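Engineer: Quick one: sequence plus predicted model below, questions after.
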Amino acid sequence: MIEPAKVNKQHDLHMHSRKQVELTGVQNVESFDSEEFLLRTELGHLTIRGNHLHIKNLSLENGLLSLEGNVHSLIYLDPGTQGKNKGILRKLFK
């Protein structure tokens, strides 16, 4: 019996002095402004909060994102909330 190949999902996050964030495994940028980014990554939704946030580099084809600004928090949402934006927003403002 042949087992199906396991898909190795990968997502890395590197932060430099709370001023620069480099991510891999980014599938989509759901929403963003200068104070909050909501991202869909290989391993779930990620919210990045801060101020003066802006995109330095974005390549969704390669799953890469670089941000600059003052980072205050990084929050991963529960895997069960990956479906609908309404559920995500409810989780964010709970």
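Structural biologist: Here it is on my side, so go on.
Engineer: Tell me, how many residues neighbour residue 56?
Structural biologist: If you count neighbours by other C-beta atoms under 10 Å, residue 56 ends up with 12. All C-beta spots, glycine's among them, are computed from the backbone N, C-alpha and C.
Engineer: Name the spans of this structure whose pLDDT lies under the cut-off.
Structural biologist: The chain contains residues with pLDDT under 70 at 1-7, 79-94.
Engineer: Where is the longest strand in it?
Structural biologist: When the chain is parsed with DSSP state E, its longest strand is strand 44-59.
Engineer: Which positions in that one come out as buried?
Structural biologist: Using 16 or more other C-beta atoms under 10 Å as the burial criterion, the residues of strand 44-59 that qualify are 44-50, 53.
Engineer: Quick check: what element follows it along the chain?
Structural biologist: Going down the chain from strand 44-59, the next helix or strand is strand 64-76, by DSSP states H and E.
Engineer: From the buried residues of strand 44-59, pick the one nearest residue 22.
Structural biologist: Comparing the buried residues of strand 44-59 against residue 22 with C-beta to C-beta picks out residue 48 as the nearest, at 11.8 Å.
Engineer: Please name the bridge partners of the closest one.
Structural biologist: Taking DSSP bridges as the rule, residue 48 bridges to residue 37, residue 74.
Engineer: before we move on, the earlier item: including distance to residue 20, could the buried residues of strand 44-59 go into JSON lines?
Structural biologist: Converted to JSON lines, the buried residues of strand 44-59 look like this (distance: C-beta to C-beta, whole Å):
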{"residue": "44", "distance to residue 20": "22"}
{"residue": "45", "distance to residue 20": "21"}
{"residue": "46", "distance to residue 20": "16"}
{"residue": "47", "distance to residue 20": "18"}
{"residue": "48", "distance to residue 20": "12"}
{"residue": "49", "distance to residue 20": "15"}
{"residue": "50", "distance to residue 20": "11"}
{"residue": "53", "distance to residue 20": "11"}
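Engineer: From the contact counts, what lies against the longest strand of the chain?
Structural biologist: Applying 3 or more C-beta pairs under 8 Å, 6 or more residues apart in numbering; DSSP states H and E, one finds that strand 44-59 makes contact with strand 20-23, strand 26-32, strand 36-41, strand 64-76.
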